[in-house]
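Enquirer: structure of the sequence below:
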Amino acid sequence: MRLTSEQIQTIKQTAYSVLGADSRVILFGSRVDDAKKGGDIDLLFETEHILDNRVSLIGSLYVALIRKLGDRKIDILLKDPTTADTPILQIAKQTGIQL
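Expert: Below is the predicted model of the structure:
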(Lines give C-alpha, C1' and ligand atoms only; values in the text may rest on other atoms or scores of the structure.)
Protein backbone atom coordinates (compact mmCIF):
# COMPACT_ATOMS: atom_id res chain seq x y z
CA MET A 1 0.00 0.00 0.00
CA ARG A 2 1.44 3.34 -1.01
CA LEU A 3 0.20 5.56 1.81
CA THR A 4 2.11 6.60 4.89
CA SER A 5 0.79 5.78 8.34
CA GLU A 6 0.14 9.52 8.82
CA GLN A 7 -1.91 9.66 5.61
CA ILE A 8 -3.91 6.60 6.70
CA GLN A 9 -4.67 8.15 10.09
CA THR A 10 -5.67 11.44 8.44
CA ILE A 11 -8.06 9.65 6.06
CA LYS A 12 -9.62 7.61 8.88
CA GLN A 13 -9.99 10.63 11.16
CA THR A 14 -11.63 12.57 8.34
CA ALA A 15 -14.10 9.73 7.77
CA TYR A 16 -14.96 9.60 11.46
CA SER A 17 -15.44 13.36 11.75
CA VAL A 18 -17.67 13.61 8.65
CA LEU A 19 -19.51 10.26 8.69
CA GLY A 20 -19.24 9.04 12.27
CA ALA A 21 -17.04 6.67 14.27
CA ASP A 22 -18.61 3.55 12.74
CA SER A 23 -17.65 4.48 9.16
CA ARG A 24 -15.16 2.42 7.16
CA VAL A 25 -12.66 3.41 4.49
CA ILE A 26 -11.30 1.19 1.73
CA LEU A 27 -8.31 2.17 -0.39
CA PHE A 28 -8.49 0.71 -3.90
CA GLY A 29 -6.91 1.31 -7.28
CA SER A 30 -3.23 1.82 -8.08
CA ARG A 31 -2.25 2.91 -4.56
CA VAL A 32 -2.88 -0.64 -3.31
CA ASP A 33 -0.01 -1.93 -5.50
CA ASP A 34 3.46 -1.21 -4.08
CA ALA A 35 5.06 -1.84 -7.48
CA LYS A 36 3.26 1.04 -9.19
CA LYS A 37 4.19 4.70 -9.08
CA GLY A 38 2.08 7.83 -8.83
CA GLY A 39 -1.65 7.68 -9.23
CA ASP A 40 -4.57 9.25 -7.49
CA ILE A 41 -5.95 8.15 -4.14
CA ASP A 42 -9.12 6.10 -4.67
CA LEU A 43 -11.23 5.81 -1.53
CA LEU A 44 -14.52 4.10 -0.74
CA PHE A 45 -16.23 5.46 2.37
CA GLU A 46 -18.95 3.25 3.84
CA THR A 47 -21.52 3.92 6.53
CA GLU A 48 -24.53 2.05 7.86
CA HIS A 49 -26.45 5.32 8.25
CA ILE A 50 -28.75 6.52 5.49
CA LEU A 51 -27.29 9.75 4.15
CA ASP A 52 -29.52 12.68 3.32
CA ASN A 53 -27.17 14.84 1.26
CA ARG A 54 -24.54 12.64 -0.37
CA VAL A 55 -23.14 15.38 -2.62
CA SER A 56 -22.53 17.67 0.33
CA LEU A 57 -20.86 14.89 2.32
CA ILE A 58 -18.60 13.94 -0.58
CA GLY A 59 -17.63 17.61 -0.86
CA SER A 60 -16.93 17.79 2.87
CA LEU A 61 -14.75 14.67 2.73
CA TYR A 62 -12.86 15.97 -0.31
CA VAL A 63 -12.21 19.45 1.10
CA ALA A 64 -11.09 18.08 4.47
CA LEU A 65 -8.73 15.61 2.80
CA ILE A 66 -7.22 18.23 0.48
CA ARG A 67 -6.65 20.57 3.42
CA LYS A 68 -4.92 17.84 5.42
CA LEU A 69 -3.10 15.88 2.69
CA GLY A 70 -2.32 18.71 0.29
CA ASP A 71 -3.47 19.33 -3.25
CA ARG A 72 -3.64 15.93 -4.91
CA LYS A 73 -6.07 13.90 -6.98
CA ILE A 74 -8.51 12.07 -4.73
CA ASP A 75 -11.45 10.03 -6.01
CA ILE A 76 -14.23 9.38 -3.50
CA LEU A 77 -17.01 6.81 -3.53
CA LEU A 78 -19.63 6.96 -0.79
CA LYS A 79 -21.82 3.99 0.13
CA ASP A 80 -24.75 3.89 2.52
CA PRO A 81 -27.51 1.24 2.84
CA THR A 82 -29.48 2.79 -0.05
CA THR A 83 -26.57 2.80 -2.52
CA ALA A 84 -26.97 0.43 -5.46
CA ASP A 85 -24.28 -2.25 -5.70
CA THR A 86 -22.53 -1.02 -8.85
CA PRO A 87 -19.57 -2.67 -10.60
CA ILE A 88 -17.12 -0.03 -9.30
CA LEU A 89 -18.23 -0.68 -5.72
CA GLN A 90 -17.78 -4.41 -6.23
CA ILE A 91 -14.26 -3.85 -7.63
CA ALA A 92 -13.35 -1.53 -4.76
CA LYS A 93 -14.48 -4.09 -2.18
CA GLN A 94 -12.83 -7.05 -3.91
CA THR A 95 -9.46 -5.43 -4.65
CA GLY A 96 -9.22 -2.81 -1.93
CA ILE A 97 -7.67 -2.70 1.52
CA GLN A 98 -9.63 -1.47 4.53
CA LEU A 99 -7.76 1.30 6.32
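Enquirer: what ranges do the helices span in the protein?
Expert: 5-19, 54-69, 87-95 (DSSP state H).
Enquirer: what are the contacting residues of the longest one?
Expert: Applying Cβ atoms under 8 Å, 6 or more residues apart in numbering, the external contacts of helix 54-69 come out as 7, 10-11, 14-15, 17-19, 41, 45, 51, 72, 74, 76, 78, 80. The way it works is simple: take the backbone N, C-alpha and C, and place the C-beta from them, glycine included.
Enquirer: mind listing what's buried in it?
Expert: 57, 58, 61, 62, 64, 65, 69 (16 or more other Cβ atoms under 10 Å).
Enquirer: again with the first one
Expert: For helix 5-19, burial by neighbour count (16+ other Cβ under 10 Å) applies to 7, 10, 11, 14, 15, 18, 19.
Enquirer: if we can go back for a sec, select, out of the helices of the chain, the one closest to residue 27.
Expert: helix 5-19 (7.9 Å; Cβ to Cβ).
Enquirer: the closest one to helix 54-69, inter-axis angle?
Expert: 150 degrees (axes from the mean of the first three to the mean of the last three Cα atoms, to 10 degrees).
Enquirer: as a whole number, average confidence for helix 5-19?
Expert: When pLDDT is averaged over helix 5-19, the result is 95.
Enquirer: helices or strands next to it in the packing?
Expert: strand 24-28, strand 41-46, helix 54-69 (3 or more Cβ pairs under 8 Å, 6 or more residues apart in numbering; DSSP states H and E).
Enquirer: ok so, going back, between the buried residues of helix 54-69, which sits nearest residue 25?
Expert: Distance ranking of the buried residues of helix 54-69 against residue 25, using Cβ to Cβ, places residue 61 first at 9.6 Å.
Enquirer: make CSV out of the helices of the chain and add distance to residue 33.
Expert: CSV is the format used below for the helices of the chain (distance: least, Cβ to Cβ, whole Å):
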stretch, distance to residue 33
helix 5-19, 16
helix 54-69, 19
helix 87-95, 10
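Enquirer: give me the residue at the spatial middle of the protein.
Expert: residue 43 (2.6 Å; Cα atoms, centre = their mean).
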